[in-house]
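Asker: 3D model of this:
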Amino acid sequence: MVGITNKIMLAEIRRQQKLSQDIVDGQTAISTGITLNKPSDNSLAWVQVSDIGRAQAQQAAWQSNISYGTTRAGNAEANLSEIDNLLTRAQELVTSARNGSLNDTSRAAITEEMSTIRTTIDELLNQKDYQGVSVFDDGQSVLVPVSRGLNLAVVGTKQDVSEGIDVDGTPMSIDDILAQSIAAIQNGDDAAIAATLEGVKVAQGHIAVEQAKQGVRSDRLDVVGTRLTNVDLDLTERRASLESTDLSEVIANVKAQLLQLDAAQSAFARINQQTLFDLIS
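Answerer: Predicted coordinates:
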């Protein structure tokens, strides 16, 4: 009989311990706002939250790639804009060089500025960022993964930007076009200067097209980035709905559990005050 009684008492102790732990868990849920802390709280919800967590990690990686791509695209746009401005200035210089009244000093000044433009454009085409990454890709555009099954080229290649420009049926580079202009100005050959002026104009038109292409790349990055942000918000909301505490429900449960524990402890205390004779009689 005493053995049976001891088993009953041990079971009651375990029940009260479980009740106490449930109260602590409820109070923690109220203070943190999170109900789902371990698989046993809700196994199905725990699996869903784990799946959402993995999806959020993947989303974060894609968002990081978007940020990286946007930075590179911005640098490319800035350099293309500067190249366009330099070619505009080159047109002005070549046009002024056609003035037959230019003296040697004026011609030398124009030649010097044209040489500076040529050097600066070359530097812009080969520039690297603070991480040592080229503003323009070399040979082939690097594809950046930004979503499942979607890889984007975020910048063009320096070859696309500066080479293969059709000048009267001859493919030329910006550097070739500027070199011809400088040589014509130095020689003072008006016909040659006029011919190279057309080449500079064609080069600028080519850069305008490259700017449009880069704008399309940047727009695609923005669109995909917005979509990723929306998906991430949906995942966050879904996760919150699974993890978050329903305060009214949890508070009501904690109050009920406190009353149960108080009643159980009072009853347990009374039982422990009884004598062995009381228990077996």
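
Asker: could I get the contacting residues of the closest residue to G225 other than its chain neighbours?
Answerer: Among residues not flanking G225 along the chain, I66 sits closest, at 4.4 Å (CB to CB, 6 or more residues apart in numbering). (Each C-beta comes from the backbone N, C-alpha and C, glycine too.) Applying CB atoms under 8 Å, 6 or more residues apart in numbering to I66 gives the contacts V146, L221, V224, G225, L228.

Asker: how close does the third one get to S218?
Answerer: Read it as V224. Plainly put, V224 is 11 Å away from S218 if you go by CB to CB, to the nearest Å.

Asker: over to the fourth one?
Answerer: According to CB to CB, G225 and S218 sit 10 Å apart.

Asker: quickly list what's touching both of the two.
Answerer: Shared contacts of G225 and S218, defined by CB under 8 Å, 6+ apart, are found at T70.

Asker: quick one on the thing from earlier: SS state for the residue nearest to G225?
Answerer: Following DSSP: H, G, I helix; E, B strand; the rest coil, I66 is assigned to helix.

Asker: in its sheet, what does the one helix or strand V144 maps to sit against?
Answerer: Secondary structure assigned from DSSP states H and E places V144 in strand 143-147. In the sheet, strand 143-147 lines up against strand 150-153 (antiparallel) (DSSP bridges).

Asker: CA atoms of the partner strand as PDB?
Answerer: C-alpha atoms of strand 150-153 as PDB (Å, rounded to 0.1, in the frame of the first residue of the first chain):
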ATOM      1  CA  LEU A 150      17.900  33.200 -63.200                       C
ATOM      2  CA  ASN A 151      21.400  34.600 -63.800                       C
ATOM      3  CA  LEU A 152      21.900  38.100 -65.000                       C
ATOM      4  CA  ALA A 153      24.700  39.900 -66.800                       C
END
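
Asker: what does that strand contact?
Answerer: Contacts with strand 150-153, where a contact means CB under 8 Å, 6+ apart, come from G69, D137, S141, V142, L143, V144, P145, V146, R217, R220, L221, V224.

Asker: now it: mean pLDDT?
Answerer: The average pLDDT for strand 150-153 rounds to 93.

Asker: give the buried residues for that strand.
Answerer: By neighbour count on 16 or more other CB atoms under 10 Å, the buried set for strand 150-153 is L152, A153.

Asker: now the element after it, going C-ward?
Answerer: Trace forward from strand 150-153 with DSSP H and E and the next one is helix 158-162.

Asker: what residue ranges in the stretch 101-250 of the chain score low on pLDDT?
Answerer: By pLDDT under 70, the low-scoring segments of the stretch 101-250 of the chain are 101, 241-250.

Asker: swap the cut-off to 50 and go again
Answerer: Scanning the stretch 101-250 of the chain for pLDDT under 50 picks out 245, 247.

Asker: and the strands in it, which stretches?
Answerer: Remark: strands assigned in the stretch 101-250 of the chain by DSSP state E, counting those that start in this stretch are 143-147, 150-153, 165-167, 170-172.

Asker: can I get those strands in a markdown table with distance to L86?
Answerer: Shown next, in a markdown table, are the strands of the stretch 101-250 of the chain (distance: least, CB to CB, whole Å):
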| stretch | distance to L86 |
| --- | --- |
| strand 143-147 | 29 |
| strand 150-153 | 25 |
| strand 165-167 | 15 |
| strand 170-172 | 17 |
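
Asker: for Q91, what are its contacts?
Answerer: Here Q91 is in contact with L197, V200, K201, Q204 (CB under 8 Å, 6+ apart).

Asker: look up how far I117 lies from it.
Answerer: As judged by CB to CB, Q91 and I117 stand 10 Å apart.

Asker: ok, back up a step: and Y130, which of the strands of the stretch 101-250 of the chain is closest to it?
Answerer: Y130 lies closest to strand 143-147 among the strands of the stretch 101-250 of the chain, at 18.4 Å (CB to CB).

Asker: how about the closest one as PDB, C-alpha atoms only?
Answerer: What follows is strand 143-147 as a C-alpha-only set of coordinates in PDB (Å, rounded to 0.1, in the frame of the first residue of the first chain):
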ATOM      1  CA  LEU A 143      26.400  36.000 -64.900                       C
ATOM      2  CA  VAL A 144      25.200  36.700 -61.400                       C
ATOM      3  CA  PRO A 145      22.600  34.300 -59.800                       C
ATOM      4  CA  VAL A 146      19.700  36.400 -58.600                       C
ATOM      5  CA  SER A 147      16.800  33.900 -58.300                       C
END
